[in-house]
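S.K.: Quick one, what's the 3D model for this:
(one chain, ligands or ions: 1)
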Amino acid sequence: MGKSEKKTGKGRLDKYYKLAKEQGYRARSAFKLIQLNKKYSFLEGSKCTIDLCAAPGGWLQVASKYMPPNSLILGVDLVPIKPIPRVVTFAADITTTHCRNLLRGEMKDWKADVVLHDGAPNVGTAWIQDAFTQSELVLMSLKLAVEFLIKGGTFVTKVFRSVDYNNLIWVFSQLFGKVEATKPPSSRNVSAEIFVVCRDFLAPKHIDPKFLDPKHVFKDLSSLTTDKGPTANDVQANVFHPEKKRRHRDGYADGDYTLFKSVEASTFVNAVDPIAILGSHNQIAFKSDEEKGWLKLPTTKDEIKACCDDLKVLGKSDFKALLKWRLAIREELGLDVSTKNVEEVTETVEVVEVVDEEQQIQDELERLNKEAAARTKRERRRANEIKTRTIQRMQLQMTAPLDIGLEQSDAALNLGQDDIFDLEHTERSMKHKNRIDFMTDNDGDVLIEDEDGEGTTARHGGEDGDDSILDEEEERERKVAELEAEMDGLYDSYRERLQERDAKFKVKEQRKRRAEKEEWHGVEKEKEDGSDSEESEGGWDLVQNRKLEVGSDSDDSESESEEVMLKPNKKRNAYAEEGRTSKRRKLVPDLAPKPMGKTSSVWFQQDVFAGVEDEDDEMDALSEHEDSGMEVDGGDDEEEENSDDYEDEDEDFEVVPQDQSEDETMWDIDGENEDTIKQEKIKNHGLLTAEAVTLAQALVNRQTTKTELINNGFNRYSLNDKDNLPTWFLEEESKHYKPNIPITKEAMAALRAKQRALDARPIKKVAEAKARKKMKAHQKLEKAMKKAEGVISTADMTEREKAEAVDKLMKKGASTAKKAKKEVKLVVARGANKGVKGRPKGVKGRYHMVDPRMKKELRAKKRKEKATKKRK
Ligand SMILES: C[S@@+](CC[C@H](N)C(=O)[O-])C[C@H]1O[C@@H](n2cnc3c(N)ncnc32)[C@H](O)[C@@H]1O
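M.R.: The predicted model follows:
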């Protein structure tokens, strides 16, 4: 709401408002005093004026303007008044003795010629209280006036036309010679205010205290009665907008001097217009026995009782509560019939129908059956919808593996979320399957262990029941395998997408893996070229590879048990192959030839492999190493291919197909190959992590031994079984599930020193440029020397000439390396040089005009450099 709108709404933007603004008065009310003074001229002759209720100070400004110089002007208000020249102000309540004392202190034994009062009580309390304070305020100002006024002095006060008006005028006339009520033109017509100018103060020696006692002055008023009540509008407004306090500026109804009105509760309850009663009364009283009985009813809560006590302080919600209470009482009395009751009656009529009990039970059962059927149907439909949605999302590659996990509560598959992630369960079912396989006897009979552990024989493919159990199990396994394969595939495509989005993804991955390795062993492991292939592997492949690695390490007896473990996996892989279409490519090993990894090349550089070129021989060599329990790092697809072939022929023989895993390094601590790489790496780059340096220092300082270190390598992290875990889980786990090797201060310091040394080294480009320069200088010098040799061998030159020529040549040859920089003189544009155009006087050679500030900055820079050098 705009300001002008607000003001216009109240009719305030009148000419006096504008005039007050123009003339610098703090309030438009200033014009009321100006006009009153114009009519009665009391300010011009006043030497002392007291303004009661003077804030913000409009009247004080007028007094200060119209009163003679050196006169005393005092202003009092509840709120502080901003200073006005030659005006003394206080903040005090005019009804208190404190205010009186303040005035007395300021006046000494002076008397005031004029006492002004423009007070308006601050609204906020109950309406009845307002009405009382208003009249009281006038009487209080009169009390102060008669105390401080000089005989013949003037008292100007504002009163509201109310029931008190006549009484007040009568009191004034008892104390002043002339009493006139007037409404200055600046006072709005809508306002009930009127100004009474009491002149010629009689200053009686004794003033009857009753004249100044509100109780006395307004005492008789209560005896007067009126027929004219408040208007209907007023009443409604009182009830529905109680917060808007009405000042009754038009005064009370003639003769209606009873400010406090009580109404009996029964009148309110029986009234045709209860709102009118609420608006025109102060209290609802419970006098008769019947009314007192209502007080005990549960509907008459404490709040209702409190509301009935003082209607004038109630809010809208209180009135509503009272009207509701009235309705409740009326229902209680049978005066009203509530809609609720009507409904209840109707219901009762329905229930009263005589129904056969059996029939009723039958109906109830039918109803329950129908409900159950509908529920099942609903659930099935919902499950189908979810299934379809999930499949669609999978097809559209919208579902990331984690999402899948959340959405796979597929009732149709009999797999909840728990089932999918319940790997134990999956494994159990697989083992169960294996056990069945293993327990198949030669006759083709199957030994199935019952709960007690006793074997029972069942015909292979015999009874339907067993078949169905097997089918169910198989079906279940198949679905689990399919889902897992699906998830792995999706995870791979997710990683691919990630790779596409983030160009640094590969580098990050490599770094991460390197960091992991270092954390374990303290030395950085050479990154294999084949890491790419590992990255592109699905989780299932990784698990498979790990299995193969473990298998290759274990002895024969172990490999047998491993085989048992591996079997279901192979089977699962087969299922996965079956079930997968587009994502399947991730599970198929990449057959394209790949460059040999660095580790591999180091390995194959050994003498043993000299001259071995053909594939078969290579495979022989590999198998030899397998037998000797040594780790062979693959990465070549040829090997991989061959390994597959061999696997088919002899399952005991398994070749590590691709990249070396972290586990491998852990298990093969003494591996020759490993050591070579590590040594080489350390030789080239030194130790790179604080953990590695800590361990190395501990070793050097004999705080630990190699054996201890190896033993420490076998901790809960190293023996973490990662089988059957999906890649995404392993990756997530690798972030947090790792040993926390303590590092020492010394290790950190050593690493930092190394880093600083590295930082101090010039970058490759700079080093190259320097080398180029050096080389050129060297070439030039060589050229000069050749020329000098030519000069020496010349016959037609004297020895002296030869020496001079050689000297010149050699100088020229050497000078290129150090070309003297042409010096540029800096001339400060200050004093005579300020604003000079062209060469400044007395400056020879190259020069550059500079701002004096530049020199200062240069000096500061040098200072700083010096300080940093010192610190170093
Ligand atoms: C209409 S204003 C006075 C305007 C003033 N005449 C002027 O021209 O600026 C009424 C003032 O009376 C003050 N007032 C109300 N009750 C009071 C009390 N008990 N003691 C002192 N001042 C009071 C209010 O604080 C308010 O500032």
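S.K.: Could you list the low-pLDDT ranges of the stretch 651-800 of the chain?
M.R.: Within the stretch 651-800 of the chain, the stretches with pLDDT under 70 are 651-674, 719.
S.K.: Name the residue of it that lies nearest to the ligand.
M.R.: Using C-beta to the nearest ligand atom, the single residue of the stretch 651-800 of the chain nearest to the ligand is residue 736, 69.3 Å away. From N, CA and C alone the C-beta is placed, and that goes for glycine too.
S.K.: Tell me, how many residues neighbour that residue?
M.R.: 6 (other C-beta atoms under 10 Å).
S.K.: Same check on the one 10 residues further on?
M.R.: A count of nearby residues for residue 746, using other C-beta under 10 Å, gives 13.
S.K.: Could you list the residues in contact with the helix or strand where it lies?
M.R.: Assigned by DSSP states H and E, residue 746 belongs to helix 745-760. Applying C-beta atoms under 8 Å, 6 or more residues apart in numbering, the contact partners of helix 745-760 are 686, 687, 689, 690, 691, 693, 694, 697.
S.K.: The ligand contacts on the stretch 1-150 of the chain?
M.R.: Within the stretch 1-150 of the chain, the positions lying close to the ligand (C-beta under 6 Å from any ligand atom) are 26-27, 29-30, 53-59, 76-79, 93-95, 118-122, 137.
S.K.: Of those residues, which belong to helices?
M.R.: Mapping those onto helices (DSSP state H) picks out 30, 58, 59, 137.
S.K.: The second one and residue 19 touch, don't they?
M.R.: No - at 11.6 Å, residue 58 does not count as touching residue 19 under the criterion of C-beta atoms under 8 Å.
S.K.: Find residues that contact each of these two.
M.R.: What both residue 58 and residue 19 touch, as defined by C-beta under 8 Å, 6+ apart, is the set 25, 28.
S.K.: quick one, which of these two is more surrounded?
M.R.: Taking other C-beta under 10 Å, residue 58 and residue 19 do not tie; residue 58 has more neighbours (23 against 15).
S.K.: Can you report how many residues neighbour the closest residue to residue 136 other than its chain neighbours?
M.R.: Once flanking residues are discounted, residue 136 sits nearest to residue 214: 4.6 Å by C-beta to C-beta, 6 or more residues apart in numbering. Using other C-beta under 10 Å, residue 214 is surrounded by 19 other residues.
S.K.: got it, and residue 169?
M.R.: Neighbourhood size, residue 169 [other C-beta under 10 Å]: 17.
S.K.: how far away is it from residue 688?
M.R.: 104 Å (C-beta to C-beta, to the nearest Å).
S.K.: From residue 495, how far off is the closest residue to the ligand within the stretch 501-650 of the chain?
M.R.: Relative to the ligand, the nearest point of the stretch 501-650 of the chain is residue 501 (69.7 Å; C-beta to the nearest ligand atom). Distance, residue 501 to residue 495, using C-beta to C-beta: 11 Å.
S.K.: secondary structure element for residue 90?
M.R.: Element membership of residue 90 [criterion: DSSP H and E] is strand 87-91.
S.K.: Then residue 499?
M.R.: helix 464-501.
S.K.: Touching, residue 195 and residue 179? I think so.
M.R.: No - in this structure residue 195 lies outside contact range of residue 179 using C-beta under 8 Å: 11.5 Å.
S.K.: The two: who's more crowded?
M.R.: Taking other C-beta under 10 Å, residue 195 and residue 179 do not tie; residue 195 has more neighbours (22 against 19).
S.K.: tell me which strands and helices the helix holding residue 499 is in contact with?
M.R.: Contact partners of helix 464-501 among helices and strands, from 3 or more C-beta pairs under 8 Å, 6 or more residues apart in numbering; DSSP states H and E: helix 401-407, helix 417-421, helix 423-438, helix 505-521, helix 539-553, helix 556-579, helix 727-736.
S.K.: Going by neighbour count, list what's buried in the last one.
M.R.: Of the residues in helix 727-736, those buried by neighbour count under the rule 16 or more other C-beta atoms under 10 Å are 727, 728, 729, 730, 734.
S.K.: Just put those in CSV and tack on distance to residue 813.
M.R.: Shown next, in CSV, are the buried residues of helix 727-736 (distance: C-beta to C-beta, whole Å):
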residue, distance to residue 813
727, 66
728, 68
729, 70
730, 66
734, 62
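S.K.: Closest to residue 158 out of those?
M.R.: Minimum distance to residue 158 across the buried residues of helix 727-736 is 84.6 Å, recorded for residue 728 (C-beta to C-beta).
S.K.: returning to what we had before: which among the ones in helices among the residues of the stretch 1-150 of the chain next to the ligand count as buried?
M.R.: Among these, those scoring as buried are 30, 58, 59, 137 (criterion: 16+ other C-beta under 10 Å).
S.K.: dump the residue contacts of the last one.
M.R.: Just to be clear, that refers to residue 137. By C-beta under 8 Å, 6+ apart, the contact list for residue 137 reads 53, 94, 95, 117, 119, 120, 121.
S.K.: Of those, which is the most crowded?
M.R.: Neighbour max across the contacts of residue 137 (other C-beta under 10 Å) = residue 117, 26 neighbours.
S.K.: Pretty sure residue 45 sits against residue 113.
M.R.: Yes - here residue 45 lies in contact with residue 113, judged by C-beta under 8 Å, at a distance of 6.8 Å.
S.K.: And this protein, what are its domain boundaries?
M.R.: Listed by the TED database, the domain ranges of the chain are 13-219, 258-333, 763-814.
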